[in-house]
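1. got a predicted structure plus its sequence, pasted below:
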Amino acid sequence: NAGVMQNPRHLVRRRGQEARLRCSPMKGHSHVYWYRQLPEEGLKFMVYLQKENIIDESGMPKERFSAEFPKEGPSILRIQQVVRGDSAAYFCASSPSREAEAFFGQGTRLTVV
Amino acid sequence: DQQVKQNSPSLSVQEGRISILNCDYTNSMFDYFLWYKKYPAEGPTFLISISSIKDKNEDGRFTVFLNKSAKHLSLHIVPSQPGDSAVYFCAASARDTDKLIFGTGTRLQVFP
């Protein structure tokens, strides 16, 4: 049973470009969470999704950020028109249910130049 | 508004001794608490959890204590080993929401 898979591991984008981060949850996990870690800070919740539904997006910036978890395929975190402040490590986690602990992927490190 | 706080950014402990990592929270609705361990360039790894109906949970060298009245939890590692050197994050969730709120982490260094 493979763990949570995130790709790419590293992503470099110029200001104004789009960034797409992918997350494939563990087999059997229907809950997906996205977190962002800025340098020298903890993990900040962004969004919680279940298949085809956004359950809680209270941590998502109001503009330029969107997330989806389609019926088929990985969850995608999309950042449009990236700015330098978007540079961070983005972690995805999945769990089979709320009561179970969430397993994290290795993260995608986004650098905006 | 930092709902989960880890006030010690770093901790240094000698091998074989006890490591105590602390975490405070402000939201009385939190009912489930977890500790994660993180190595550089890797994702957090689940370590141990505790429900609010308990005050202690033990797993091998790791024990988590919960003091609900003080809104405080701690992770004890005994005996500490050099491989325990990592950043430790405390996290909490409330019954009406499934998201985990993380603290800012404590960097533990275990030296020989």
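-> Sure, I can see it. Numbers count the residues shown, from 1 in each chain, chains lettered A, B, ... in the order given.
2. name the nearest residue to the residue nearest in space to the middle of chain A, sequence neighbours excluded.
-> Nearest to the mean C-alpha position of chain A, counting by CA atoms, centre = their mean, stands A:W34 at 3.8 Å. In this structure, A:W34 finds its nearest non-sequential neighbour in A:M46, 4.4 Å apart by CB to CB, 6 or more residues apart in numbering or on different chains. To be clear about C-beta, it is placed using only N, CA and C from the backbone, and glycine gets the same treatment.
3. equivalent analysis for A:H10, please.
-> That would be A:R109: by CB to CB, 6+ apart, it lies 5.1 Å from A:H10.
4. distance of the one you found relative to B:F65?
-> Here A:R109 is placed at a distance of 34 Å from B:F65 (CB to CB, to the nearest Å).
5. distance between the ends of stretch B:62-81?
-> 12 Å (CA to CA, to the nearest Å).
6. just the buried residues of that stretch, please?
-> For stretch B:62-81, burial by neighbour count (16 or more other CB atoms under 10 Å in any protein chain shown) applies to B:F62, B:T63, B:V64, B:F65, B:L66, B:K71, B:L73, B:S74, B:L75, B:H76, B:I77, B:S80.
7. ok, now stretch B:30-40?
-> Result for stretch B:30-40 [16+ other CB under 10 Å]: buried residues B:F30, B:Y32, B:F33, B:L34, B:W35, B:Y36, B:K37, B:K38.
8. name the helix or strand for the fifth one, please.
-> I take that to be B:W35. Per DSSP states H and E, B:W35 falls inside strand B:30-38.
9. what packs against that strand?
-> strand B:19-25, strand B:45-51, strand B:62-67, strand B:86-94 (3 or more CB pairs under 8 Å, 6 or more residues apart in numbering or on different chains; DSSP states H and E).
10. between the longest one and strand B:30-38, how big is the angle?
-> Between strand B:86-94 and strand B:30-38, the angle formed by their directions is 160 degrees, by axes from the mean of the first three to the mean of the last three CA atoms, to 10 degrees.
11. avg pLDDT for strand B:86-94?
-> In this model, strand B:86-94 has a mean pLDDT of 93.
12. check the first one too.
-> If you average the pLDDT over strand B:19-25, you get 97.
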